[in-house]
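Predicted coordinates and the sequence they were generated for:
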Amino acid sequence: QVQLVESGGGLARAGGSLRLSCAASGNIAEITVMGWYRQAPGNQRELVALIPRIGSAIYADSVNGRFTISRDNVKNTVYLQMNSLKAEDTAVYYCNSFIRAGRGSWSDYWGQGTQVTVSS
């Protein structure tokens, strides 16, 4: 069984910073891409940032230059450093990872979501 557990959400002022973490645990054989998505009320879930095991990260235009995604391949953890926060960053943030568990096939896994609220 594979789980993604997020932490680090909360309330911040506009212009402030928050750091999200997401740890993957369980019978993990291999992880390729790890990333963050977000969903604001009334909106569809959207990509925030992705980072492959090897290579460069990609960012949504709306967060490029303000957010930084990173990962620790030993700890199977992905991070999202969010700086210069804006009210429009308010959303539930979800961790996502493409994982091969044990001897099984590859599957997409999601965290439970963590609320980020930015006050203007």
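Alright, I've got the coordinates. Numbers count the residues shown, from 1 in each chain.

what's the distance between the spatially most central residue of the chain and D108?
For the chain, W36 is the residue whose C-alpha lies nearest the centre (C-alpha atoms, centre = their mean; 2.7 Å). Relative to D108, W36 is positioned 14 Å away (criterion: C-beta to C-beta, to the nearest Å). (Each C-beta comes from the backbone N, C-alpha and C, glycine too.)

Need the overlap of contacts for those two.
Residues touching both W36 and D108 (C-beta atoms under 8 Å, 6 or more residues apart in numbering): N96.

circling back: any idea how far S120 is from the residue nearest to the centre of the chain?
To S120, W36 is 22 Å away according to C-beta to C-beta.

Check T32 too.
For T32 relative to S120 (C-beta to C-beta), the value is 37 Å.

cool, and G55?
According to C-beta to C-beta, G55 and S120 sit 36 Å apart.

shouldn't N83 be in contact with G65?
No - proximity of N83 to G65 does not meet the contact threshold set by C-beta atoms under 8 Å, at 9.1 Å.

So these two - more neighbours on which side?
A direct count of neighbours by other C-beta atoms under 10 Å for N83 and G65 places N83 higher, at 14 against 9.

residue contacts, that one?
Applying C-beta under 8 Å, 6+ apart to N83 gives the contacts S17, R66, F67, T68.

Please tell me the pLDDT value assigned to it.
Per-residue pLDDT puts N83 at 98.

Give the phi and psi angles for it, as a check.
When quoted as degrees, to the nearest 10, the phi and psi of N83 stand at phi -120, psi 170.

for the one 4 residues further on, same thing?
When read as degrees, to the nearest 10, the backbone of A87 gives phi -60, psi -30.

list the contacts for it?
A14, V118, S119, S120 are the contacts of A87 under C-beta under 8 Å, 6+ apart.

If we ignore the residues flanking it in sequence, what's nearest it?
Leaving aside its chain neighbours, A87 sits nearest to S120 (4.2 Å; criterion: C-beta to C-beta, 6 or more residues apart in numbering).
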